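Enquirer: Fold the following and give me the result.
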Amino acid sequence: MEMKAVEFVQENWGESPQAILYQQDCLQLLEDIVPRTRGKVQMIYLDPPFMSGRSFKAGVQVTDDAGKKKKVTMTAYQDRQDLESYTDLMSRVISGSRSLLRPDGTIFVHVDRRASGIVRGLLDECYGPDRLINEIIWCYESGGRSTRSFSHKHDTLFFYGNSRQYYFDLTAVPMDVRSSSSNHMKRSVDEEGRPYRSIRSGGREYRYYDDEAVYPSDVWTDIPHLQQRHPERRGFDTQKPEKLLQRVIRCSTRPGDLVCDLFTGSGTTAVAALREGRRFLGADESPVAVGIAATALCGLENRSFWIVGGGAAGGEVRLEADETLQPLSYTSPDTLREHLAPLAGIRSWARGKLDENGIFHRTDQDVNALRICDQWGNRRVFVTEERQA
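Expert: Residues are numbered from 1 along each chain as shown. Okay, here's the model as predicted:
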């Protein structure tokens, strides 16, 4: 089967996008979008590299024609900056992104012990120490155990306001009472039969009724890290749980607000934003990350998104319809699988039209139809319904 690479600059699913994802370096993107996006973003979430010195992978599970499952891994990104280059990167991202925020907007920056001191200083320099709202500690139990130190089991989220009039709604993020930290409290029932937990402090009793909402403090112990077999897992090494982003988005934005993530990774922020009725603007220079994020967005029930940039990179195969492929526009996924079986490394397919401006307009996609495995593992096939004149 003859394959013809089709170059296009943008993929559109829908004409009024709820999410726009750029395959682009975040600093270059800031230069491009600040003039037209200044003062429009309600909340920025940054989950940057942590200066870990590691190479991070994305693993895709595929099934060959014999029905055997195999995991194919690809390098998603390199986190190998030295102190000087990392500080320069984060300084430019933090200062450059502030102009995107609305006056009542906020920013969350997610780091671990290696980068927290550097990032806290840069945020203080950009926003001012008095704009720090919270230093949130996210505790989790997954991962190995150290014998040379106390095990590292938390990340830090620095939460800053763009002004003193920042938007924040604690009532939007009630906790499950069963997951709140209450083991140290005494359980009782009042004279009306209402169960409650109580604690005495300073000579006073504080009661917390089971039928009343409980809200998180600045130490989050109720959101577990994603285990390897968790259904949310998309094979991305540093993927964060959707519940974490859901809490961040709900407390800092309203329905219809614009959320921005300049290190999009596997797309969790984008998915959480759209599920919560917000709009999304994001970027990642890794074609592997953008491909995984795009597949996650395709899996949403109500999705409308654009992916800008990337050309023909990222191990993706874009096929122009010919006599062999033209009938695929009207066939089932099973027939499509049969036709495309000779092509190696196909993970999913999209069907649509390529216009004269180089924009691919999706009309159909099945992210689970094809699981043909080779060393590439994460290719997506785009089949155009009409040939270019």
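Enquirer: In the chain, what residue spans correspond to helices?
Expert: Applying DSSP state H to the chain gives helices spanning 26-37, 83-98, 116-127, 242-252, 268-275, 287-298, 333-340.
Enquirer: Same list (those helices) but as CSV, adding distance to residue 218 and mean pLDDT.
Expert: For glycine as for every other residue, the C-beta is placed from the backbone atoms N, C-alpha and C. What follows is the helices of the chain, written out as CSV (distance: least, CB to CB, whole Å; pLDDT from 0 to 100):
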stretch, distance to residue 218, mean pLDDT
helix 26-37, 27, 93
helix 83-98, 21, 95
helix 116-127, 14, 97
helix 242-252, 12, 97
helix 268-275, 20, 96
helix 287-298, 29, 82
helix 333-340, 48, 51
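Enquirer: closest one to residue 261 among those helices?
Expert: Taking CB to CB, helix 268-275 is the member of the helices of the chain nearest to residue 261, at 4.0 Å.
Enquirer: Please verify my assumption that residue 167 contacts residue 101.
Expert: No - at 10.7 Å, residue 167 and residue 101 do not qualify as touching, with contact defined as CB atoms under 8 Å.
Enquirer: For residue 157, name its beta-bridge partners.
Expert: Listed beta-bridge partners, residue 157: residue 110, residue 136 (assigned using DSSP bridges).
Enquirer: so where is the stretch 201-350 of the chain shaky, pLDDT-wise?
Expert: 310-350 (pLDDT under 70).
Enquirer: go with 50
Expert: Within the stretch 201-350 of the chain, the stretches with pLDDT under 50 are 311-333, 336, 342-346.
Enquirer: circling back: give me the more crowded residue out of residue 167 and residue 101.
Expert: Neighbours were counted for residue 167 and for residue 101 using other CB atoms under 10 Å; residue 101 has more, 25 against 18.
Enquirer: What residues does the more buried one make contact with?
Expert: The neighbourhood of residue 101, defined by CB atoms under 8 Å, 6 or more residues apart in numbering, consists of 39, 41-42, 44, 107, 162.
Enquirer: mind checking pLDDT for it?
Expert: Here, the pLDDT recorded for residue 101 equals 98.
Enquirer: which residues does it bridge with?
Expert: residue 41.
Enquirer: which residues in the stretch 201-350 of the chain form strands?
Expert: Chain-ordered strands for the stretch 201-350 of the chain, with DSSP state E, counting those that start in this stretch as the definition, fall at 204-209, 219-220, 258-261, 279-283, 305-308, 317-319, 346-354.
Enquirer: Quick one: list the elements packing against the fourth one.
Expert: Just to be clear, that refers to strand 279-283. strand 19-22, helix 26-37, strand 258-261, helix 268-275 (3 or more CB pairs under 8 Å, 6 or more residues apart in numbering; DSSP states H and E).
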